[in-house]
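Asks: Sequence and predicted structure are below.
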Amino acid sequence: MSEPTLHDRSTSASLCARLFDALDAMWLVDPHSHINPLAPASTTLDDILGYNYYTELAHAAGLPREAIADPALSPKQRVGLLVESLGQIDNTIQVHWLIELSQRFFGFADTQLRPDNWDALYDRSAAQMANPGWAAHVLKTSKLEAVFLTNDFDDTLTGFDTKLYIPCLRTDELVFHLGRGHVRDRLVNATGTTLGDAASLRVALGQLFEHFVQHGARACAISLPPSFSPRKVSLAAADEALTKVFLQAGKAPAEQRDTLSCYVFWTLAELCAEYHLPFDLMIGVNRAVYPGGVHQGQDLFDSRVSLIQYADLFNSFPQVMFPVSVLASVTNQELASYAWIFPNVIAHGHWWYSNIPSLIEHDAANRLEAVPANKQIGYYSDMYKLEFALPKFAMYKRVLARILAERFVIGRGWNEERAVALGHQVLRGNVDRVFGLT
Amino acid sequence: MSEPTLHDRSTSASLCARLFDALDAMWLVDPHSHINPLAPASTTLDDILGYNYYTELAHAAGLPREAIADPALSPKQRVGLLVESLGQIDNTIQVHWLIELSQRFFGFADTQLRPDNWDALYDRSAAQMANPGWAAHVLKTSKLEAVFLTNDFDDTLTGFDTKLYIPCLRTDELVFHLGRGHVRDRLVNATGTTLGDAASLRVALGQLFEHFVQHGARACAISLPPSFSPRKVSLAAADEALTKVFLQAGKAPAEQRDTLSCYVFWTLAELCAEYHLPFDLMIGVNRAVYPGGVHQGQDLFDSRVSLIQYADLFNSFPQVMFPVSVLASVTNQELASYAWIFPNVIAHGHWWYSNIPSLIEHDAANRLEAVPANKQIGYYSDMYKLEFALPKFAMYKRVLARILAERFVIGRGWNEERAVALGHQVLRGNVDRVFGLT
Amino acid sequence: MSEPTLHDRSTSASLCARLFDALDAMWLVDPHSHINPLAPASTTLDDILGYNYYTELAHAAGLPREAIADPALSPKQRVGLLVESLGQIDNTIQVHWLIELSQRFFGFADTQLRPDNWDALYDRSAAQMANPGWAAHVLKTSKLEAVFLTNDFDDTLTGFDTKLYIPCLRTDELVFHLGRGHVRDRLVNATGTTLGDAASLRVALGQLFEHFVQHGARACAISLPPSFSPRKVSLAAADEALTKVFLQAGKAPAEQRDTLSCYVFWTLAELCAEYHLPFDLMIGVNRAVYPGGVHQGQDLFDSRVSLIQYADLFNSFPQVMFPVSVLASVTNQELASYAWIFPNVIAHGHWWYSNIPSLIEHDAANRLEAVPANKQIGYYSDMYKLEFALPKFAMYKRVLARILAERFVIGRGWNEERAVALGHQVLRGNVDRVFGLT
């Protein structure tokens, strides 16, 4: 049986464009960001170029950290400084985001940001961003209905619309840094609970959940080092570990620190079950691998990690949804396979070092071909400022459009409506369903 | 020197189609399946939808295991139940196999199997499958000359044509589960040998080989967990381990169980040498990672495995061919490289979680560009029912046609005959040579 | 906003060809090879087919090692022998190099080297290679301005033009084999230093650097097993380890051997800082995995390696540039990410088992999209004879042209000049900058 149209890529350009346009017409919810809801949008280009992607790339390309962080620099001066390094990093997709957002939001007409053309952009964009409706304009232009936050556990969650900026309880400090007195102090202050033992710690954690859920939180989240392997810990072991860690802080034996981390983590999972919150796991980051790096540009990873480390967790909490992100593309096939088998594992976005078109292509194709359509959330922005959603989601949608075109419409003979529906489900439908939005 | 046609993908659609047609015209031997030779084809759609791919994907997408396994369901009712879940999984390539085989074998005219159209297909297909020549029809339509089986070690291997359904001695239970009394009992019954010590165990294993070879077996096979690292074990150590494992079963120390596993495994390799059987290694599976999963839908993997674990084995048995499958695509480059260096390592098929077009593309391209043409077997079906060979091999042939078109005909200027000859060698010629078919 | 040209691959063939031509017009410096500067080019086809790629592939395809290494064979006879195996390996990209160089240098008009056509090529090429200007002709045809060498630590570095053939201090033996008396003897002879303790060893190593730098060396280099994890060692610990290793050679405890290796390695890094030499790290090779293999065809790898093992090193020597090569494509994302964060980590070439078009495509796209343009060196030949630079670099340039065409010109709307400039930077500009050429 002949297959005349099977690999026909010659007509795929216009097909891709049509699919992209259809995907781009959808209103989205961004299921993970670092937006500050009290200052969601940028006020100058410095807010935008201050994104760690630009500072760390400029630093890696040769710009000293001290120059970037020089407190004597005005915002405009720092932008001028960073622009000098852009010539060495404008091959990166991150700078492409910068150009695309400058074109879309600020009418930038050029294709490169250079020492000879940034000044005008700086001033014009600052004027636009000063408009009181700027954040709303960015949200509308980006077709964003809502944005998930990443909230400190002691965030009051007040002063903003939690339907638009949806709280998410971030728990890294609770799991890994309770040995630090100021973290414990913040927990005590936030909950009014004295932390005497494992039981009282659980009470405090429960109060955080109560507070977050009352304020509309729709997820609990954490980033995890590659070495972490959660396990259930007895209350007695937790008590002993807690005592040692609280008394000795970072000098407590590694085993005790790990035991306390596991106790807190497992308790969080129990509370996710109790409060019906998905538990976002972001697996694989090693913190401060390069301590000489710029702010937020010091973390890397060890790709020797396996989801088998989380098998007990997934088995123990069938009632909890775990949207899982992996830092390394080489872990993606495990993620796709675990989501294909475990009802409570969701393949979630393309995180950080894997948030690159060539890697997204590889990883998303695997997921779309092997994971149930309702078990994958295509993308989140991970942004700190609203202006980044548009170019980041656009990057993903371009890759998604090409996969749908080549592998589904051309490769399997799907009609375009069906392909767009699959795209809608992974871009939007599953966000609503997994996080219980309505 | 200009290269005008180098990357010309614009004319590749018709080229791919011609190459696919040429590959699709070949009669094949399927070098690995789980066919029951006494019931090789399906009798209802329930046999087809009962394939663990569909039950596990439907379960992962939300269908309770209890519903799927409900003994009160008739075959037709279970199909009806599973069809309701197809809408959430029909993006998967597995459901594409289902649609393609339904179209090719049962005249299904639609592109999706839905609650409103499955009933007619069920009845029509059941009528066709009731035809006494059905299995032969499927084999002929699929252009299959022979199919390798996966036989329990105590299979009598009688009642079927072993030239058509070629026996293969599957040895997982012997290597990993001799601690179970019923496995030992079956071995005693099959061989009439008393298992008193390592030497008598070797005699029993030799009798299995004798039996299998006399009945036309052409391979010994095993699937292996990522942690397994075979080594030669002394007879004394094997004796001690055997005693402990037989007496204490699963409670024997892990070290003793591993020693016995290694002894059995190494003995199997010796017997493969003695009986001139290739030893299929399927490396990387963790069993029962999700014990709450459906039947055969509980296994996953840890991609942290290396073929270095098998270096001693490959070095110790130069006279044994090892067709090696790896579960994780990230192990594929090691496999390609080991097959490029070791004369007795064959890159074998695309297994299970790697049996996905986007991963096959990546893995097969690496092999075709770096492994000697006679050191790679392109594909096996791994099927339980004959109807699956056609869509699974078609999937592989589509990927193969595209690689041959883009990387060999366009990329290197090969003529189409040469590309098809390479395709024939990896699809068929090497199966004949490696497994000694004539 | 519609994207009419976004994925337009239909016009990419001629675009790729134009980009390739532009890249191919550049004069290059090859930053890593194994050229013998006293005999840089081949004298017969035996020199070419003696490259371990052909002998190891032919052996893996079935040719006994003893036949290949038979000392009774004349060069021409050995070529005749190897040609008989080419039919089984001419799918490999390595044989494609052979055909391309035969066409380009020797006027070979065929597309396959076969038993019926090699004889004439052998004789004609031998006549051409006998021309006294042959090496110069090859360099010119290949547009090579200079070629980095791999020099034994006791190389006199005399008798050749070190501007054309740039010395590089290779240090594997110093780091891993000082337990061998003949290696120590060579070090003593080369430096005139008695090796009594760690301090005197450091003096000897310093003398090697002095000698190499005086003779124009521009790099220090080493290949490293996946298990190696460098650390700073105290002088006392080094003294103790040195004593044990020198006295007990390979029988010294593994821990002591590792301590001495780390001491030497760390001292080399200190000397790289002192002498302003980049330190090429080639990470991931396991030596002699297949001891029955042909010469240089015995090494393989374990892909379970992480650059986290080198974090201390990168942090401790910010003033040293580390061009890093990884053996396994699955380590490429770590390399890209470390180069994106660490100012002193350079992603370097596509090494050995990863030097395959399908893997280069994957790895280079990741780098070009995520690593600063000045932090990546596209390619080196790793060749033993000059004739291989042309087809190897051509392979890379084809891949690079396609990535630039599809991901930058079409995907991001870059003009062709800008794409070619990026190609020039990774192919040539960064070699000049990183290695301090002028």
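Replies: Structure received.
Asks: quick one: secondary structure of A:Ile35?
Replies: What DSSP: H, G, I helix; E, B strand; the rest coil gives for A:Ile35 is coil.
Asks: Could you report the neighbour count for it?
Replies: 23 (other C-beta atoms under 10 Å in any protein chain shown). C-beta here means a position set from N, CA and C on the backbone, and glycine is covered the same way.
Asks: residue ranges with poor pLDDT in chain A?
Replies: Scanning chain A for pLDDT under 70 picks out the ranges A:1-11.
Asks: what's the single longest helix in it?
Replies: Looking across chain A with DSSP state H, the single longest helix is helix A:254-275.
Asks: how far is it from where the chain is centred?
Replies: Taking C-alpha atoms, centre = their mean, to the nearest Å, one finds the center of helix A:254-275 at 22 Å from the center of the full chain.
Asks: got the buried residues for it?
Replies: By 16 or more other C-beta atoms under 10 Å in any protein chain shown, the buried positions in helix A:254-275 come out as A:256-272, A:275.
Asks: same check, this time on stretch A:160-176
Replies: Buried residues in stretch A:160-176, counted by 16+ other C-beta under 10 Å: A:160, A:162, A:165-176.
Asks: Spit out the contact partners of the residue most central in space within chain A.
Replies: Centroid check for chain A by C-alpha atoms, centre = their mean gives A:Asp382 as the closest residue, at 3.6 Å. Counting by C-beta atoms under 8 Å, 6 or more residues apart in numbering or on different chains, A:Asp382 touches A:His32, A:Ser33, A:His34, A:Gly349, A:Trp351, A:Trp352, A:Asn355, A:Lys392.
Asks: for the stretch 1-150 of chain A, what spans make up the helices?
Replies: Remark: helices assigned in the stretch 1-150 of chain A by DSSP state H, counting those that start in this stretch are A:12-24, A:45-49, A:52-60, A:65-68, A:75-89, A:93-106, A:118-129, A:134-141.
Asks: what sits up against the third one?
Replies: Applying C-beta under 8 Å, 6+ apart, the set of residues contacting helix A:52-60 from outside is A:49, A:65, A:68, A:82, A:85-86, A:88-89, A:92, A:94-95, A:98, A:293-297, C:339-343, C:372, C:375.
Asks: swap the cut-off to 7 Å and go again
Replies: Residues outside helix A:52-60 that contact it (C-beta atoms under 7 Å, 6 or more residues apart in numbering or on different chains): A:65, A:68, A:82, A:85, A:89, A:92, A:94, A:293-297, C:339-343, C:372, C:375.
Asks: Drop anything exposed from those residues.
Replies: The neighbour count (16+ other C-beta under 10 Å) marks A:65, A:68, A:82, A:85, A:89, A:92, A:94, A:293-294, A:297, C:339-343, C:372, C:375 as buried among these.
Asks: Quick check, the residue in the stretch 101-250 of chain A closest to chain C?
Replies: A:Thr111 (6.8 Å; C-beta to the nearest C-beta).
Asks: quick one: the residue lying closest to that residue once chain neighbours are set aside and chain B, what's the gap?
Replies: Once flanking residues are discounted, A:Thr111 sits nearest to A:Ile99: 6.3 Å by C-beta to C-beta, 6 or more residues apart in numbering or on different chains. Taking C-beta to the nearest C-beta, to the nearest Å as the criterion, A:Ile99 is separated from chain B by 26 Å.
Asks: cool, and A:Ala109?
Replies: Taking C-beta to the nearest C-beta, one finds A:Ala109 at 32 Å from chain B.
Asks: Can you confirm whether stretch A:352-365 lies near chain C?
Replies: Yes: judged by C-beta under 7 Å from any C-beta of the partner chain, stretch A:352-365 comes into contact with chain C at A:Tyr353, A:Ile356, A:Pro357, A:Ser358, A:Leu359.
Asks: what sits against the closest residue to the first one other than its chain neighbours?
Replies: To tie it back to what came earlier, the one meant is A:Tyr353. Once flanking residues are discounted, A:Tyr353 sits nearest to C:Ser337: 4.6 Å by C-beta to C-beta, 6+ apart. Each residue near C:Ser337 by C-beta under 7 Å, 6+ apart is listed here: A:Leu300, A:Phe301, A:Tyr353.
Asks: Would you mind checking which of those residues is nearest to chain C?
Replies: Nearest to chain C, judged by C-beta to the nearest C-beta, of these is A:Tyr353 at 4.6 Å.
Asks: what separates the closest one from A:Gln94, distance-wise?
Replies: 11 Å (C-beta to C-beta, to the nearest Å).
Asks: Repeat that for A:Asp432.
Replies: Separation of A:Asp432 from A:Gln94 (C-beta to C-beta) stands at 29 Å.
Asks: related to what we said a few turns ago, isn't there a strand covering the residue nearest to A:Tyr353?
Replies: No: judged by three-state DSSP, C:Ser337 forms no part of a strand; its state is helix.
Asks: just to revisit the earlier point, the buried residues of stretch A:160-176: which ones sit near chain C?
Replies: For chain C, no contacts are drawn from the buried residues of stretch A:160-176 by C-beta under 7 Å from any C-beta.
Asks: Among these, which ones are in strands?
Replies: The strands, defined by DSSP state E, take in A:Tyr165, A:Ile166, A:Cys168, A:Leu169, A:Arg170 from the buried residues of stretch A:160-176.
Asks: Adding distance to B:Tyr54, write the residues you listed out as a markdown table.
Replies: Listed next are these as a markdown table, based on distance: C-beta to C-beta, whole Å:
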| residue | distance to B:Tyr54 |
| --- | --- |
| A:Tyr165 | 41 |
| A:Ile166 | 35 |
| A:Cys168 | 35 |
| A:Leu169 | 37 |
| A:Arg170 | 38 |
